[in-house]
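Give me coordinates for this.
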Amino acid sequence: MQFKTFITKAILSILLILPIGCATQRVRPDIDDELLDKPGIDLSRIQTLSFQKVKETICTERLSFTTLKAKADILITTPEINGEFRCKGVVRFQKSGKIRVIGSKLARTAFDMLSDGENYWFYLPKEKVVYTGKCDTSKKRDTSAYIFPDDIAALLEHDKLFEGRISYMETWPSFWLVHLLDRKGDAVAPYSRLSVDRIDNTVTKLTMFNPDSSIRAQASFHDYAEINGQSIPKAIQIHWPDTDTTLTLNLNNIIINEPLKPKIFLFKKPKKAEIVEIN
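Below you'll find the model as predicted:
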């Protein structure tokens, strides 16, 4: 046990003394450098930046809007529905941690997912059930609900990922891999991991971990567009391994930094719906 504690402290010490302007470069078989396989890539545009600059770019120059409203083409694949479900919808997002996504098909609400930053709700009118729980990333959750609205909000707030956490960076040929760790006494545990494109500095992938280091959710961001001086991903795909569920949002009619009415993020219990608490 003393030897294990010594090794843990040694690893933590190494992470804490990594120079801010440096990045480790290592080879790992579980991460692919996909950009290099794409045709027409101008490798001369690949940048060399310090970790501090990459961090500033993630926190202040990308996804630094306060609100977002958009329409969306939505695709859900999950064993719960034995295949895929497509519909139209609307997305409303506001820092910190507030999001609402409503999906509609044939002029009827197919689902309504909401997070107010403290609690989340996932309403399925056809099943007459509402799954609800606390927005708490420190616990591994029940998988009765196959989509978690609070994760969607968390995946859009890159700056909050760094708050109170240890971080370091690996440099790969076409992207930076940024690791964020939670300190738990003498131990550290992975909290999230971001892939950042070395050409245009956009976050292309984001992985969040459970307290036991298993993957909580994985997101990919594509088709960035400049909107009012901000780079906004028009295509967002989120996968929850525990429920083998994937949510894809293809956004259009995007508007950012427009005030949203507070009632958008207030939950109103539907009539004749069962409330299922997820702890």
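
Run through the stretch 51-200 of the chain and note the low-pLDDT ranges.
61-63, 137-140 (pLDDT under 70).

can you give me the helices in it?
51-56, 149-154 (DSSP state H, counting those that start in this stretch).

Show the contacting residues for Asp197.
For Asp197, the contact set (Cβ atoms under 8 Å, 6 or more residues apart in numbering) comprises Leu35, Ser174, Phe175, Val203, Thr204. All C-beta spots, glycine's among them, are computed from the backbone N, C-alpha and C.

bridging residues for the third one?
This points to Phe175. Asp197 (DSSP bridges).

count of residues packed around it?
Neighbours of Phe175 under the rule other Cβ atoms under 10 Å: 24.

sorry, back to before: highest mean neighbour count out of the helices of the stretch 51-200 of the chain?
Using mean count of other Cβ atoms under 10 Å, the stretch among the helices of the stretch 51-200 of the chain with the largest mean neighbour count is helix 149-154, at a mean of 25.

Test my guess that Ala235 contacts Tyr224.
No - in this structure, Ala235 is not within contact of Tyr224 by Cβ atoms under 8 Å, at 9.0 Å.

So between the two, which is more surrounded?
Shown here are Ala235 and Tyr224; by other Cβ under 10 Å, Tyr224 has more neighbours (18 against 15).

so who does the more buried one touch?
Per Cβ under 8 Å, 6+ apart, neighbours of Tyr224: Asp200, Thr202, Ser231, Ile232, Pro233, Lys234.

just those residues now: which is nearest Ile275?
Checking these against Ile275 with Cβ to Cβ, the nearest one is Pro233 at 33.2 Å.

who does that closest one bridge with?
In this structure, Pro233 bridges to Tyr224 when assessed by DSSP bridges.

List the contacts of it.
Pro233 neighbours (Cβ under 8 Å, 6+ apart): Thr202, Phe221, His222, Asp223, Tyr224, Leu251.

Over to Asp150?
By Cβ under 8 Å, 6+ apart, the contact set of Asp150 is Gly97, Ile99, Ser115, Tyr120, Cys135.

let's go with 6 Å and repeat that
Ser115, Tyr120, Cys135 (Cβ atoms under 6 Å, 6 or more residues apart in numbering).

how much space between it and Ile76?
17 Å (Cβ to Cβ, to the nearest Å).

hang on, the earlier thing: can you turn the buried part of the contacts of Pro233 into a ChimeraX selection?
To isolate the buried ones among these in ChimeraX, judged by 16 or more other Cβ atoms under 10 Å, type:
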select :202,221,224,251
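
sorry, back to before: quick one: which of the contacts of Asp150 is nearest Lys263?
Distance to Lys263 across these (Cβ to Cβ) is lowest for Ser115, with 14.9 Å.

my read: that closest one touches Ala154, true?
No - the criterion here is Cβ atoms under 6 Å, and Ser115 misses it with Ala154 at 8.9 Å.

before we move on, the earlier item: as TSV, the contacts of Pro233 with pLDDT would be great.
Below are the contacts of Pro233 laid out as TSV (pLDDT from 0 to 100):
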residue	pLDDT
Thr202	90
Phe221	95
His222	94
Asp223	94
Tyr224	92
Leu251	97
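
what two of the contacts of Pro233 are the furthest from one another?
Thr202 and Leu251 (15.0 Å).

Please name the nearest non-neighbouring residue to Lys88.
With sequence-adjacent residues excluded and distances taken as Cβ to Cβ, 6 or more residues apart in numbering, Lys88 is closest to Ser104, at 5.7 Å.

what pairs with that neighbour across the strands?
Counting by DSSP bridges, the residues bridging with Ser104 are Lys88, Thr109.

Just give the number of residues close to Arg92.
By the criterion of other Cβ under 10 Å, Arg92 has 18 neighbours.

who's in contact with it?
Taking Cβ under 6 Å, 6+ apart as the definition, contacts of Arg92 comprise Lys69, Arg100, Leu260, Ile264.

residue contacts, the nearest residue to it once chain neighbours are set aside?
In space, and not counting its chain neighbours, Arg92 is closest to Arg100: 4.6 Å by Cβ to Cβ, 6+ apart. Arg100 makes contacts with Arg92, Leu114, Ile264, as judged by Cβ under 6 Å, 6+ apart.

ok, what's across the strand from Arg100?
Beta-bridge pairing of Arg100 under DSSP bridges involves Arg92, Leu114.

For the stretch 51-200 of the chain, just list every one of the strands.
Using DSSP state E, counting those that start in this stretch, the strands of the stretch 51-200 of the chain run over 67-78, 83-94, 98-105, 108-116, 119-124, 129-134, 166-171, 175-184, 187-197.
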